[in-house]
Every structure is written in structure tokens, then in C-alpha cells.
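sequence? don't have it. structure:
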């Protein structure tokens, strides 16, 4: 029986640590509203605008590469506080920018903050949570990412006609970062990280606070952690490619499969996809259309993720991922068929159903579950590095798929483009069906 004290701590930890997800979503989405004003007020060229967007990915790549090592070295709490510093510095440079160089540096720092946040917040949530609702707590991070994106779109819409409104948009990110740091200051470090660092008395205090259990139960939980760490044996980064190789390959392929569904490009280019069914060439639509379509799919993503939070620990990780990959493939098939010109126009209804179905399928499976599974596949001493390298692969694959999407649509059209995603998703389903284990409530070893 889970005590009331443990439930209160779980809610508190989920809300505070998940603010990193809100920051991530906000900084991913806020640039959409800022770009039109930046182009006009700072006279930026198309290449400079593109760099303002893409330099964040470079920061995220570097952050993913080193974030896991930092998280395992200084702890989850310390790394989360570091993300608040990076988000604050980046937001300050962006809001006060007088040159395009300041924009580049600000976006680079924000990208690093996003990568650090993905690693540290997920590790923290998975380690402070009771095993019976660990999945729900980690999934709260993904929900906050969706909420952050929606919030960014709304802020962009509010300041769209304000002179230098882009400065206010970026400045709001500073306030969110400060809020996370202030609230996180009262939260304890991860008990599993403390146990790994042999800070037994501190780990005992955190377990007592987070579980609400009596002294005997706390000692039992602490002993279980020590056994888990001992069973993991000596862990270094090379052990990911030796002893933990099966888990590492599963985590990498899980990231690649989630990107190969095309969910990212559907969210990013939804207005252009819908517009493409009525035009012979693949061209950009109006800003208003981008807002309406993105907000609609963003609402759907947030709603779907919110529902799965309550079911992930009862249904299990494996079933949700298989369900999501199957219906992602079905939605992609609908999108393929939508681009078969039965008449002189493609089917608007099929495209809308396909896009909505894909976003929903992803949001109840890969979105929240990928990082839950990755965290549960590895022991605490190695968790940060495993999440960091998985994030690195996630950003690389996301960048490649997004970079070639418009060219694929222009050259091959929607039928072949979404057909490629359909085939890769079907192959991914077969791989996951054969190799993906159920990680709920199990020891990584």
C-alpha cells in the first residue's frame, strides 16, 4: 500500500522535475512565433533564419554527448540546476540580442539545456518514483513538452503584432527557468545516485521522505538499491558496448524507430502537408494556417499523452509501444493512399485523418514510453550516459529526417515519401515485437 506521504511527494517531484519538459517544449516552439519578426526587425536572410533554428540542434548534439557523463558525475539534482542556468543564459542572450551572433549563441545554449534536461529530468523522475507509478511520473515529462509547445504558440500569437515582441517571447523562457531552479532547490537528490556514491545516510533520508515508509522498510529499500548496484558490477561507458550491449542496441533502435514513423515532420510541417494536397508544388502556407494546424495537433498530442499517463503502469511499456507502432503504420498507410490521385485532387479528409492518427499513436506510445524504457533498461550508475547517447542518436536522426523531408515531397511526392515511413515503421514493429522486453517493475540486470 502506497502511503499518502509518498503520493504527495510523487506529485511534487513530477511537477517540479517536469518543468524541464515545459522549458524544452517552450524553447522548441517559441521560435515559430519569433522568426517572422526577427526577419523583419533584424533584416535576417533566409540562411540566417535557418541557422537561428538549426544551431539549437548543434547545441543539443553537444549536450547529448556530454550530458550523460555530467549527470552521472555531479548527480541528477545538480544537472537539473545546471539546465536552469543554461536556459536562463540562453534566454537572456536571445531577449537582449543586438546581432545575429548573439541569437546563435543563445540558441546554442538553449539546445544544450534541452539535451541536459532530457537526460537529468528523466533520470531523476525514474529514480525517485515508486516502481508502481514510475511510468506515469516519467511520462509527465513528455506531457509537459507538449504543453510547453502549446504555450509557446499561444505566447507567439499574443505578441505577433507587438514591436520587438520576439524579445518578450524569449524572456518568458528565462522566467520559466528561474521558476524551475527555485522549486528544485527544495527537492532532494536521487536516492539511487546517492546510494551509488555511497552516501548511505543521505539516501536513507530521501527514501524516508519519498516513500513515507517506516525505518525497517526504508532499510529494505536501501538494501535493494545496493544489491542492484552490486549486480550491475563495474560500469563505465565501454560497458554499454560489452555487458550492456543488448540493452544499448534496443534503446538505440527504439529511438530510430520512433523517428522513422515521421511523427516529427508531421508536427513540424503539418500546414505544408495539408496545403500540398491542393497545390501541384510543395510550398509554404500562411502564418495563420501554421498556427491553427500546429495548435490543433499540439492539443491532440497533449490530450493523448495525458490519457496514457494514467495507464502506462497498468498496461505495460511493451504493449503500448507495439500498439503505437501498429497504428502509426496504419496512419501512414492512410497518408499514402491520400496521395493517390483518384480524381484531379487528393483527399483532404484522408490526409487530416492520417496526420491526426499518427500524432495520436505516437503520443500514446513512443512519446512517453521511449524514455521510460531506456531509463529502466540500465542501472543507476550507467543510466545518465545511456540516456545521453540515446538522445544523441535521437537528435541526429531527427535532424536528418527533417532536413530531407521537403525535398522528398517535392521530388517523389506524398505517396512515396509516406510509403518510405510506412515500410520503415512496419520493419520497426517486427523488430520491437521480437526484441523489446517488458521493463515494468524489473531489475535491469
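It's in. Values in this document were obtained by computation on a predicted structure and should not be read as measured data. Residues are numbered from 1 along each chain as shown.

residue nearest the centroid of this protein?
Nearest to the geometric centre of the chain sits residue 142, at 5.7 Å (CA atoms, centre = their mean).

give me the number of residues near the spatially closest residue to it that is not a sequence neighbour?
Residue nearest to residue 142 in three dimensions, not counting chain neighbours: residue 368, with 4.2 Å by CB to CB, 6 or more residues apart in numbering. For glycine as for every other residue, the C-beta is placed from the backbone atoms N, C-alpha and C. Neighbours of residue 368 under the rule other CB atoms under 10 Å: 29.

Against residue 5, how distant is residue 368?
Separation of residue 368 from residue 5 (CB to CB, to the nearest Å): 26 Å.

returning to what we had before: next up, the contacts around the residue nearest to residue 142.
By CB atoms under 8 Å, 6 or more residues apart in numbering, residue 368 lies in contact with 135, 138-139, 141-143, 305, 308-309, 312.

Going by distance to residue 182, which of these wins?
Nearest to residue 182 among the contacts of residue 368 is residue 141, at 19.0 Å by CB to CB.

low-confidence ranges in the stretch 151-300 of the chain?
For the stretch 151-300 of the chain, applying pLDDT under 70 flags the ranges 212-213, 231-235, 268-272, 274-294.

Quick one: the strands in it, in order.
With DSSP state E, counting those that start in this stretch, there are no strands along the stretch 151-300 of the chain.

Now the residue nearest to residue 142: which helix or strand?
In the assignment (DSSP states H and E), residue 368 maps to helix 366-377.

Now do the phi/psi pair for residue 261.
Backbone torsions of residue 261, given as degrees, to the nearest 10, read phi -70, psi -20.

and it, how many neighbours does it have?
Residues lying near residue 261 (other CB under 10 Å) number 26.

swap in the one 5 residues further on?
Neighbour count for residue 266, taken as other CB under 10 Å: 24.

Pull the contacting residues for it.
Here residue 266 is in contact with 273, 297, 355, 358-359 (CB under 8 Å, 6+ apart).

With adjacent residues omitted, what lies nearest to residue 57?
Excluding the flanking residues, the one nearest residue 57 by CB to CB, 6+ apart is residue 399, at 5.2 Å.

Before we move on, what's the pLDDT of the residue lying closest to residue 388 once chain neighbours are set aside?
In space, and not counting its chain neighbours, residue 388 is closest to residue 68: 2.4 Å by CB to CB, 6+ apart. Per-residue pLDDT puts residue 68 at 85.

I'd guessed residue 68 sits against residue 378; true?
No. If you go by CB atoms under 8 Å, residue 68 and residue 378 don't touch, sitting 10.3 Å apart.

ok so, going back, quick one: the contacts of residue 266 as JSON lines, columns for neighbour count and distance to residue 338 too.
Shown next, in JSON lines, are these (neighbours: other CB atoms under 10 Å; distance: CB to CB, whole Å):
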{"residue": "273", "neighbour count": "26", "distance to residue 338": "10"}
{"residue": "297", "neighbour count": "24", "distance to residue 338": "16"}
{"residue": "355", "neighbour count": "26", "distance to residue 338": "9"}
{"residue": "358", "neighbour count": "29", "distance to residue 338": "12"}
{"residue": "359", "neighbour count": "25", "distance to residue 338": "15"}
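
Please convert these to a markdown table, extending it with distance to residue 32.
Formatted as a markdown table, the contacts of residue 266 follow (distance: CB to CB, whole Å):
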| residue | distance to residue 32 |
| --- | --- |
| 273 | 16 |
| 297 | 13 |
| 355 | 17 |
| 358 | 20 |
| 359 | 17 |
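
Find residues that contact each of residue 68 and residue 378.
Here residue 68 and residue 378 share the contacting residues residue 386, scored by CB under 8 Å, 6+ apart.

Compare neighbour counts for these two and give me the winner.
Using other CB under 10 Å, the more surrounded residue of residue 68 and residue 378 is residue 68, with 29 against 26.

Tell me the first helix or strand C-terminal of the helix or strand harbouring that one.
Residue 68 is part of helix 46-74, with elements assigned from DSSP H and E. Heading C-terminal from helix 46-74, the first helix or strand you meet, by DSSP H and E, is helix 76-95.

so what does that following helix touch, helix or strand wise?
Where contact means 3 or more CB pairs under 8 Å, 6 or more residues apart in numbering; DSSP states H and E, helix 76-95 is packed against helix 19-41, helix 46-74, helix 100-128, helix 165-184.
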